[in-house]
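A.B. asks: sequence below, structure please.
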Amino acid sequence: MSAPENLPEIDNGLLRFLTCGSVDDGKSTLIGRLLFDTKTILADTLNAIEKTSAKRGMSAVDLSLLTDGLQAEREQGITIDVAYRYFSTGRRKYIIADAPGHEQYTRNMVTAASTANLAIILIDARKGVLTQTRRHSYLASLVGIPHLLVAVNKMDLVDYDQAVFERIKAEYLAFAARLGIKDVRFIPISALEGDMIVDRGERLSWYEGPTLLDILENAPAAHTEQAEDFRFPVQFVCRPQDSANPDLHDYRGFMGRVESGEIAVGDAVTVLPSGATSRVRRIELGGENLPRAIHEQSVTLLLEDEIDISRGDLIVKSAEAPEPVKQIDATVCWLSETPLSPARTYLVRHTTREVKAKFAKIDYRLDVNTLEHEATTGLAMNDIARVTLKLAQPIVADRYADNRATGAFIIIDESTNNTVGAGMIG
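C.D. replies: A predicted model of the protein is given here:
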């Protein structure tokens, strides 16, 4: 894959971002334009969409076909499921999630947004801020996406009129103030013509800001904007059984992924929920010993003391240990076609720990169109509600606003093993 010209070969880290907005705002075309103009489309892929575009009687390549991969989507001309795409430039690697625009696919959008560090909210310049624009903006803020970029698309259909852009910007800012959204930027674009995507073009000379790709290239990566507490959910306890190698007899390694923060050899740690303490004796990765491990590294920790640790326990720095809890207040998005039954017991999977739980209370259901709170005794698919869950065993959780990994959980139906809900603590 070749990088755009004149970009230095530096690494700004992986950026996961989301595109969302109302139906037909041009999300799939925008992603297609990014892939096309950064020259990250394989020749055979380009050839295939050229043939499909020709069959549809189109004079130009339909770039939206690069992301609308499901047959049902191609037949209807809409995006149903979340389409993930990967590309890289000379500066960084990207994972793009293209969220569906229809209201009935709210759950898909929440899933896509859960790991994104930036969201592009597309607005059709002809239509302005719509209900779905507000809905997706709220969901993006709800799941903690720290940076929003409002891209006013289809400027070619309003003669690249600056007044149209400024009017939409003012309308969106008034709405964002109600949600408390602070970090939001605006850019006029034409995904179809390519203006202000990778190249500036010649028809938006009144806009003096960076292109969309420039903004993406310089956006902060996850875990880089503030110091984070060390959180290490244990996935597996490694106890090799090899009679021919006596050195492995006392080996006890705790394997998992550093969800946030960092740890170094010699650091004092606490194992939760038991509260046992020790120090890090060794950090292993791929057969090598490391002096320290940082966020998103999958490593094996060896401790100085013999401690009873199992899957689902959380290793933290002793100075940063939160309190285990058996009750949590959370915002839940119900994902299942089967409605929530408050009388039933569900499984809550939090990091690597699973506990039984019951819904003690549903405070309210949120109307994502009006942001009003509605009284309810149950939840249907795509509902978002404020709830209280009582747990059979304690979990060690952070507020979602402080740590997206340890502040999130999923809800599982015990009888079917299906994921029926996703929640954010705090």
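A.B. asks: the host helix or strand of residue 299: partners in the sheet, and parallel or antiparallel?
C.D. replies: Secondary structure assignment for residue 299, by DSSP states H and E: strand 298-303. Paired strands of strand 298-303, with direction, are strand 253-257 (antiparallel), strand 276-285 (antiparallel) (DSSP bridges).
A.B. asks: who wins for proximity to residue 200 among those strands?
C.D. replies: strand 253-257 (40.2 Å; C-beta to C-beta). Where you see a C-beta, it was placed from the backbone N, CA and C, and this is true even at glycine.
A.B. asks: export the following helix or strand past the strand holding residue 299 to PDB, keeping only CA atoms.
C.D. replies: Where DSSP H and E defines the elements, the next helix or strand beyond strand 298-303 is strand 314-317. The C-alpha trace of strand 314-317 is given here as PDB (Å, rounded to 0.1, in the frame of the first residue of the first chain):
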ATOM      1  CA  LEU A 314      -7.900  -8.300  38.400                       C
ATOM      2  CA  ILE A 315      -4.300  -7.300  39.000                       C
ATOM      3  CA  VAL A 316      -3.800  -3.600  39.800                       C
ATOM      4  CA  LYS A 317      -1.100  -1.400  41.200                       C
END
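A.B. asks: counting by contacts, list what strand 314-317 packs against.
C.D. replies: strand 231-238, strand 268-272 (3 or more C-beta pairs under 8 Å, 6 or more residues apart in numbering; DSSP states H and E).
A.B. asks: which of the strands paired with strand 298-303 has the highest mean neighbour count?
C.D. replies: strand 253-257 (a mean of 19; mean count of other C-beta atoms under 10 Å).
A.B. asks: now do it against strand 268-272, angle only.
C.D. replies: 80 degrees (axes from the mean of the first three to the mean of the last three C-alpha atoms, to 10 degrees).
A.B. asks: what does strand 253-257 contact?
C.D. replies: 232-238, 284, 296-303, 309, 315, 352 (C-beta atoms under 8 Å, 6 or more residues apart in numbering).
A.B. asks: so how far is it from its chain's centroid?
C.D. replies: Offset of strand 253-257 from its chain centre (C-alpha atoms, centre = their mean, to the nearest Å): 24 Å.
A.B. asks: now swap in stretch 381-400 and tell me
C.D. replies: 19 Å.
A.B. asks: what packs against the helix ranked longest in the chain?
C.D. replies: The longest helix of the chain (DSSP state H) is helix 162-179. The contact analysis (3+ C-beta pairs under 8 Å, 6+ apart) places helix 162-179 against helix 131-142, strand 147-153, strand 184-188.
A.B. asks: not counting the first one itself, show me its contacts.
C.D. replies: Outside helix 131-142, the residues that touch it by C-beta under 8 Å, 6+ apart are 18, 20-23, 99, 101, 103, 106, 109-110, 113, 116, 119, 121, 123, 148, 172, 175-176, 179-181, 331, 368-369, 371, 384, 424.
A.B. asks: quick one: mean pLDDT for stretch 122-138?
C.D. replies: For stretch 122-138, mean pLDDT rounds to 89.
A.B. asks: ugh, wrong one, I meant stretch 32-48
C.D. replies: Rounded mean pLDDT across stretch 32-48 is 71.
A.B. asks: in the protein, where is pLDDT below threshold?
C.D. replies: Counting by pLDDT under 70, the chain has low-confidence residues at 1-11, 41-54, 57-83, 99-106, 241-249.
A.B. asks: per-domain residue ranges of it.
C.D. replies: 15-218, 231-320, 325-425 (automatic domain parsing).
A.B. asks: between those domains, which gets nearest to residue 225?
C.D. replies: domain 15-218 (7.1 Å).
A.B. asks: ok, back up a step: any chance of the helices and strands packed on strand 314-317 in CSV with mean neighbour count and distance to residue 188 as columns?
C.D. replies: Formatted as CSV, these follow (neighbours: other C-beta atoms under 10 Å; distance: least, C-beta to C-beta, whole Å):
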stretch, mean neighbour count, distance to residue 188
strand 231-238, 19, 40
strand 268-272, 20, 49
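A.B. asks: and of these, who's closest to residue 338?
C.D. replies: That would be strand 231-238 among the helices and strands packed on strand 314-317, by C-beta to C-beta, at 28.5 Å.
A.B. asks: got the angle between that closest one and strand 253-257?
C.D. replies: Using the same axes, to 10 degrees: strand 231-238 against strand 253-257 is 130 degrees.
A.B. asks: by contact count, what packs against strand 231-238?
C.D. replies: Using 3+ C-beta pairs under 8 Å, 6+ apart as the contact test, the elements touching strand 231-238 are strand 253-257, strand 314-317.
A.B. asks: for those strands, which one sits closest to residue 275?
C.D. replies: strand 314-317 (10.7 Å).
A.B. asks: flag every buried residue along the helix or strand that comes right after the closest one.
C.D. replies: Heading C-terminal from strand 314-317, the first helix or strand you meet, by DSSP H and E, is strand 325-334. Neighbour-count burial for strand 325-334, with 16 or more other C-beta atoms under 10 Å as criterion, is recorded at 328-334.
A.B. asks: how about stretch 155-165?
C.D. replies: 155-156, 158, 160, 164-165.
A.B. asks: ok, stretch 213-232 next?
C.D. replies: 213-217, 219-223, 228-232.
A.B. asks: could you look up the SS state of the residue nearest to residue 414 when sequence neighbours are not counted?
C.D. replies: Closest residue in space to residue 414, ignoring its immediate chain neighbours: residue 347 at 5.6 Å, by C-beta to C-beta, 6 or more residues apart in numbering. Judged by DSSP: H, G, I helix; E, B strand; the rest coil, the three-state class of residue 347 is strand.
A.B. asks: tell me the contacts of residue 347?
C.D. replies: 354-357, 411-414.
A.B. asks: ok, 10 Å please
C.D. replies: If you count contacts by C-beta atoms under 10 Å, 6 or more residues apart in numbering, residue 347 has them with 354-357, 392, 409-414, 417, 419-420.
A.B. asks: which of those fall within strands?
C.D. replies: 354-357, 392, 409-412, 419-420 (DSSP state E).
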